[in-house]
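**Q** Kindly generate the corresponding structure for this input.
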Amino acid sequence: MDAIQTRYFKLRSSDVVSEVIDGEAVIMDLRSGHYFSAREAAAAVWSALISGQGDSEILAGLRADFDADSDHLKKQLDRYIETLVQHALIVPESEGRAPDGGAAPSAVRGRRPFSSLELEVFHDMEELLLLDPIHDVEEEFGWPVKKPEPDGP
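**A** Model prediction:
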């Protein structure tokens, strides 16, 4: 049986920022203006991925934490990682690196039920997030109010 190659990922660029607050990862893509939410296990997996943990290590943590079929967990993890890559939030890392202290796949230990790893995508603040506060606003309007477009020539 062939050994499975561990995959590693990193943030696409400094244009992707995130914070995990009360078990929810809030992720912003400052280039596209989209923002994302990952809750509970999905937030812990996000933290583990961007901290340098490989997918096989994360999967082992999920298997230890959740009462779910191993194949189901692997499929969910692979699908979740693919979603993160499709949204250009993470990119493959050519080789592994030492984890930088990110969270284990779950902050709460003990086997518990597992449903899925989901990433919610929001577009409703795109215009606001893409404002250039130096060039797109006037002092009388202030940020984040966009200055009015000129009426014509």
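
**Q** Give me the below-cutoff pLDDT ranges for this protein.
**A** Residues of the chain meeting the criterion pLDDT under 70: 1-4, 95-110, 125-153.

**Q** Try it again at 50.
**A** Within the chain, the segments meeting pLDDT under 50 span 1-2, 102-104, 106-107, 134-137.

**Q** Pull out the buried positions in stretch 46-60.
**A** By 16 or more other C-beta atoms under 10 Å, the buried positions in stretch 46-60 come out as 46-59. (Each C-beta comes from the backbone N, C-alpha and C, glycine too.)

**Q** Helices - which of those residues land there?
**A** The members of those that map onto helices under DSSP state H are Trp46, Ser47, Ala48, Leu49, Ile50, Ser51, Asp55, Ser56, Glu57, Ile58, Leu59.

**Q** Tell me which residues touch the fifth one, please.
**A** Contact criterion C-beta atoms under 8 Å, 6 or more residues apart in numbering gives Phe9, Lys10, Leu11, Ser18, Ile90, Gly102 as the residues in contact with Ile50.

**Q** ok, of the residues you listed, which come out buried?
**A** Neighbour counting by 16+ other C-beta under 10 Å classes Phe9, Lys10, Ser18, Ile90, Gly102 among the contacts of Ile50 as buried.

**Q** quick one on the thing from earlier: I'd like the contacts of Ile50 laid out as a markdown table, including distance to Ala25 and secondary structure.
**A** Converted to a markdown table, the contacts of Ile50 look like this (distance: C-beta to C-beta, whole Å; DSSP: H, G, I helix; E, B strand; the rest coil):
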| residue | distance to Ala25 | secondary structure |
| --- | --- | --- |
| Phe9 | 14 | strand |
| Lys10 | 16 | strand |
| Leu11 | 12 | strand |
| Ser18 | 6 | strand |
| Ile90 | 12 | strand |
| Gly102 | 11 | coil |
